[in-house]
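# just coords:
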DNA sequence: ATTTAAATTAGAAAATAAATCTATTTAAAT
DNA sequence: ATTTAAATAGATTTATTTTCTAATTTAAAT
């Protein structure tokens, strides 16, 4: 992983529709050299996947909520059961098990407050073993990137 | 935006390396039809961009921290200045302005606790107008997707 | 400094895919 | 029924990716 790879990863993380030819110009390499470097990064699992990112606001997912959640108990059974169920909820884009005052931080994307209420009442709080939840609402997006500086 | 578009968006959000031919098979359409639908979704801004997602753990970014942060005051000047500076920090992948007990939730990715300490001391806490911070550490990733169910 | 092996790179050729074009179909409105 | 606009299919052109071979570079050992 040299400086060229880092630059290449930067470019791939930003836009995968650039042709290998375009990348080769930016990196001062031949097309083949770039091609082989990309394949290597893929083989090594550093590049995980190529995806399209959507504009939340154009698909009625502009209402973002961070939900801090506690379980009733921290038994393996309760944890496993909760985690197994929460991943199935489409509104939950992210769920991290965390240290501290609560057990999980969830990022939830829905259309508006009404839809959030509906989600809470009919989906989230029907999961078993939930002790308490605390919702924090996004009022502005300052930074939101998938790009790591390697 | 019909059912085919929704299915197409699902596929694009999961893997953009599928050829239009492969997509056309999955969607029971001709290559051209798929091609035109993709271009339309791009024109409308529903598809925002195409990116490569990296494996955090392979690039020394496996230590994830959620930092809850308060400003000293909520003046426009303090807010603007903080937001202008925080976006420049490469370790901060996400920063959301939120309602509630604190003002911002940050997602920070670094190598380990040592690097996090270094980041806090030399970068984050040197920003102006910060009142307090509270760090919560990820101990497990239950779900982490960029895929919206449209 | 020289040798050696491995990795990387370049350029050309082949294979594959994207983009364009024309004609046809479909669905909605009149 | 007829018109219109949008969506689709198939064929063609254009562009890109992938493979192949050979040359070059790099790093380690002598």
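Arrived safely. If you're wondering where the values come from, they're calculated on a predicted model, not measured in any experiment.
# quick one: the closest residue to residue A:125 other than its chain neighbours and residue A:62, what's the gap?
Nearest non-adjacent residue to residue A:125, counting by Cβ to Cβ, 6 or more residues apart in numbering or on different chains: residue A:133, 7.1 Å away. From N, CA and C alone the C-beta is placed, and that goes for glycine too. Distance, residue A:133 to residue A:62, using Cβ to Cβ, to the nearest Å: 21 Å.
# just checking stretch A:40-58 against DNA strand D, any contact.
No. Legend: contact between stretch A:40-58 and DNA strand D by Cβ under 7 Å from any atom of the strand is lacking; minimum distance shown is 9.5 Å.
# tell me the SS of residue A:95?
Three-state call for residue A:95 (DSSP: H, G, I helix; E, B strand; the rest coil): strand.
# so what's whatever residue of chain A ends up closest to DNA strand C up against?
Of all residues in chain A, residue A:30 sits closest to DNA strand C, at 2.7 Å by Cβ to the nearest atom of the strand. Applying Cβ atoms under 8 Å, 6 or more residues apart in numbering or on different chains to residue A:30 gives the contacts residue A:24.
# elements contacting whichever strand or helix holds residue A:105?
Using DSSP states H and E, residue A:105 maps to strand A:104-110. Helices and strands touching strand A:104-110, by 3 or more Cβ pairs under 8 Å, 6 or more residues apart in numbering or on different chains; DSSP states H and E, are strand A:63-71, helix A:76-86, strand A:92-98, helix A:113-122.
# how far off centre is the shortest one?
Strand A:92-98 sits 9 Å away from the centroid of its parent chain (Cα atoms, centre = their mean, to the nearest Å).
# other SSEs contacting that strand?
Using 3+ Cβ pairs under 8 Å, 6+ apart: strand A:92-98 touches helix A:76-86, strand A:104-110, strand B:63-71, strand B:130-144.
# picking up where we left off before, tell me the pLDDT at the residue nearest to residue A:125?
Per-residue pLDDT puts residue A:133 at 97.
# who's in contact with it?
A:67-70, A:120, A:124-125.
# before we move on, what about residue A:34?
A:8, A:20, A:23-24, A:27.
# up against DNA strand C, what does chain A have?
Residues of chain A lying close to DNA strand C (Cβ under 7 Å from any atom of the strand) are A:4, A:24, A:29-33, A:36-37, A:40.
# quick one: stretch A:100-118 to chain centroid distance?
That offset, for stretch A:100-118, works out to 15 Å (Cα atoms, centre = their mean).
# and it, what's buried?
Using 16 or more other Cβ atoms under 10 Å in any protein chain shown as the test for burial, stretch A:100-118 gives A:102-110, A:115-116.
# and the gap between the residue nearest to residue A:125 and residue A:25?
Distance, residue A:133 to residue A:25, by Cβ to Cβ: 51 Å.
# how is chain A partitioned into domains?
Taking automatic domain parsing as the domain assignment, the ranges for chain A are A:3-43, A:56-137.
# centroid-nearest residue for chain A?
Centroid-nearest residue in chain A: residue A:94, 5.9 Å away (criterion: Cα atoms, centre = their mean).
# what's opposite that residue in the beta bridge?
Beta-bridge partners for residue A:94, by DSSP bridges, are residue A:107, residue B:144.
# pLDDT score assigned to residue A:71?
Residue A:71 is assigned a predicted lDDT (pLDDT) of 97.
# and for residue A:1?
At residue A:1, pLDDT is 89.
# list the contacts of it.
A:46, A:150.
# any idea how far it lies from residue A:40?
Distance of residue A:1 to residue A:40, given as Cβ to Cβ: 10 Å.
# for residue A:139, same thing?
Distance from residue A:139 to residue A:40, counting by Cβ to Cβ: 43 Å.
# next one: residue A:123
In this view, residue A:123 and residue A:40 are 43 Å apart by Cβ to Cβ.
# which one's more surrounded, those two?
In this view residue A:123 and residue A:40 are compared by other Cβ atoms under 10 Å in any protein chain shown, and residue A:123 has more residues nearby, 17 against 13.
# ok, residue A:68 touching residue A:104?
Yes. Counting by Cβ atoms under 8 Å, residue A:68 does reach residue A:104; the two are 7.4 Å apart.
# what pLDDT does the nearest residue to residue A:21 once chain neighbours are set aside get?
Distances taken as Cβ to Cβ, 6+ apart put residue A:31 closest to residue A:21, at 5.6 Å, once the chain neighbours are dropped. Looking at residue A:31, its pLDDT is 94.
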